[in-house]
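Colleague: Return atomic coordinates for the entry below.
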Amino acid sequence: GGGASTAGTDSTPNTSGPGGNGLDVSPLFNPSIPNSGVYAGGGGGSQYGPNPTAFNSQGIGGTGGGGDGGTPSASAQNGTTNTGGGGGAGPANRAPGSGGSGGSGIVIIRYKFQ
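Modeller: Residues are numbered from 1 along each chain as shown. Model prediction:
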């Protein structure tokens, strides 16, 4: 899955592609504000191919809340809450094989006071 700042990488039959990185909004805020950081990371991929159960490669979610992809032995992870991160891809050849849910978003308002 693509992130807010970079694209994800394609999976291959033997390797799961990582999710793209999210966008760092820290430069927009005073560093002392706790809600600044990286948001909207892409979800990690899942391997595929004629025998995906022979490998156990997990696509890592992108920075900014992207969930990791599933493997034949692990379920896909959800995106992190309040980051808008994408859910990981569902594992191939594993029932039910569903992907993770995207993380809920967040609204950050910046305004000048006095």
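Colleague: Spatially nearest residue to residue 70 (excluding sequence neighbours)?
Modeller: With sequence-adjacent residues excluded and distances taken as C-beta to C-beta, 6 or more residues apart in numbering, residue 70 is closest to residue 91, at 3.2 Å. C-beta: built from backbone N, CA, C; applies to glycine.
Colleague: So the one you found lies in a strand, does it not?
Modeller: No. Assessed by DSSP: H, G, I helix; E, B strand; the rest coil, residue 91 does not belong to a strand; its assignment is coil.
Colleague: ok, it - contacts?
Modeller: Listed by C-beta atoms under 8 Å, 6 or more residues apart in numbering, the contact partners of residue 91 are 46, 52, 69, 70, 71, 72, 74, 75, 76, 97.
Colleague: From what I see, the third one and residue 8 are in contact.
Modeller: No. In this structure, residue 69 is not within contact of residue 8 by C-beta atoms under 8 Å, at 10.0 Å.
Colleague: per-residue confidence for the residue nearest the centre of the chain?
Modeller: Taking C-alpha atoms, centre = their mean, the centroid of the chain lies closest to residue 66, which sits 1.8 Å from it. Note for residue 66: predicted pLDDT of 94.
Colleague: Equivalent analysis for the one 4 residues further on, please.
Modeller: Reading off the per-residue confidence, residue 70 sits at a pLDDT of 87.
Colleague: Use 13 as the first number for this chain going forward.
Modeller: Right, with 13 as the first residue, what we last looked at is residue 82.
Colleague: residues contacting it?
Modeller: Counting by C-beta under 8 Å, 6+ apart, residue 82 makes contact with 58, 70, 88, 89, 100, 101, 102, 103, 106, 109, 111, 112.
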